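Undergrad: Generate coordinates for the sequence data below:
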Amino acid sequence: MTTAPFDDLPSPAQCTPITLLALRVLADLRRWTAAFSLPDTPVEAMAMTAATISPWRSADDLRLTTRMYAWTYALDDEVEREVTDQADLDALLGHCAEIVRTGRYDGVHPLLVALAAWQREVNDLSVHPRLSDLWVAKVDLALRGVRYDWVTGRARSGGQAVGTDVREYLSHADSILVWVANFGRWVTLPAPELLGELDTLVSAMDDLVVAVRLANDLATYSWERVDHGQNNVLMYDVTPGWVLREMHAAADSARRRLAELVAGGFAPAVEIVRQLDCALSFYALADFRGWGSDVPVGSGAETRRADGENR
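TA: Next up, the predicted model:
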């Protein structure tokens, strides 16, 4: 007897460990964000995707990367909703750049206090000294991308002429902050396992950043095009078809770079491919925002769909 169309579904026995892992991660995220008074972020989506990407890891293994997920969303909200002056933006980003270098912050801004605490914990890990230059360089690149999007988006919304060079836009793809969030995975790995293949992993992550940036832009354009100060690849005289082709090209490049490592069961490479597939699959259906704690009850946004009808 066949049970089609249910034959290809994962069994409950397969799903349950991932569900439990997601719940453990979610509990930690709620405690951590509350401890630092961070604004509400979609921690439910973060926990579920982290567990889906890395189901063999423990909640403790995923703690640093999911906390950084939450932090990057909080940074994005701060920049988009609270910062109205470029000098304030530069001051905020300057503090972030200093903190990832030193782990020190003497002020009271919750976002910066949380980043400093996260950085100090990372500084104590054995692999960090060998990854610190890479970490600082990637954070700097991401912060430049955040600044580029803020300046360009507000200039365009203010009626100023802005460039439409899509390659310039893609050079700032790190504004998606995926590199920053992913770093927490790597610092929990044994150094010999990671460092021997680091060049290949870095190149694949660079491809992933472009693919996820473009997937995000396709998922969010319907509301970003009417929201003040936004910057999206579809504002650069390109078509959705072109964006899809570029997205798939970047994703295919990442997969090719990692194919041999994945075939050999190299866990960091498998994680990148699973992260790529998870992000592209999710963005094909919906934005990560709008599904949980970031949405006030009764706001109507609980039913947010992929077409962006509800922000």
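
Undergrad: got any ranges where this protein has weak pLDDT?
TA: 1-3, 291-292, 294-311 (pLDDT under 70).

Undergrad: so how far is residue 59 from the most centrally placed residue in it?
TA: Nearest to the mean C-alpha position of the chain, by Cα atoms, centre = their mean, lies residue 178 at 3.4 Å. Separation of residue 178 from residue 59 (Cβ to Cβ, to the nearest Å): 21 Å. Placement of C-beta: from N, CA and C, glycine included.

Undergrad: mind listing what's buried in the helix or strand harbouring residue 60?
TA: For residue 60, the enclosing helix or strand under DSSP states H and E is helix 59-77. Under the neighbour-count criterion of 16 or more other Cβ atoms under 10 Å, helix 59-77 has 59, 61-77 buried.

Undergrad: next one: stretch 195-202
TA: 197, 200-201.

Undergrad: With secondary structure and distance to residue 102 as added columns, please give the residues you listed in JSON lines.
TA: Converted to JSON lines, these look like this (DSSP: H, G, I helix; E, B strand; the rest coil; distance: Cβ to Cβ, whole Å):
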{"residue": "197", "secondary structure": "coil", "distance to residue 102": "29"}
{"residue": "200", "secondary structure": "helix", "distance to residue 102": "30"}
{"residue": "201", "secondary structure": "helix", "distance to residue 102": "26"}
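
Undergrad: got the residues you listed as a markdown table, with distance to residue 13 columns?
TA: Compiled in a markdown table, those are given as follows (distance: Cβ to Cβ, whole Å):
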| residue | distance to residue 13 |
| --- | --- |
| 197 | 33 |
| 200 | 34 |
| 201 | 32 |
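
Undergrad: for the protein, what spans make up the strands?
TA: Taking DSSP state E, the chain contains no strands at all.

Undergrad: that older thread, pull the helix holding residue 60 out as PDB, backbone CA atoms only.
TA: Extracted in PDB, the C-alpha atoms of helix 59-77 (Å, rounded to 0.1, in the frame of the first residue of the first chain):
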ATOM      1  CA  ALA A  59      22.600  24.300  21.100                       C
ATOM      2  CA  ASP A  60      25.800  25.400  22.800                       C
ATOM      3  CA  ASP A  61      27.700  25.000  19.500                       C
ATOM      4  CA  LEU A  62      25.200  27.300  17.800                       C
ATOM      5  CA  ARG A  63      24.900  29.800  20.600                       C
ATOM      6  CA  LEU A  64      27.500  32.300  19.300                       C
ATOM      7  CA  THR A  65      26.200  32.300  15.700                       C
ATOM      8  CA  THR A  66      22.500  32.600  16.600                       C
ATOM      9  CA  ARG A  67      23.200  35.400  19.100                       C
ATOM     10  CA  MET A  68      25.100  37.200  16.300                       C
ATOM     11  CA  TYR A  69      22.000  36.600  14.100                       C
ATOM     12  CA  ALA A  70      19.900  38.400  16.600                       C
ATOM     13  CA  TRP A  71      22.500  41.200  17.000                       C
ATOM     14  CA  THR A  72      22.700  41.800  13.200                       C
ATOM     15  CA  TYR A  73      18.900  42.100  13.000                       C
ATOM     16  CA  ALA A  74      19.000  44.600  15.900                       C
ATOM     17  CA  LEU A  75      21.700  46.600  14.200                       C
ATOM     18  CA  ASP A  76      19.700  46.600  11.000                       C
ATOM     19  CA  ASP A  77      16.600  47.900  12.900                       C
END
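
Undergrad: Use 48 as the first number for this chain going forward.
TA: OK, 48 is where the count begins now, so the last one is helix 106-124.
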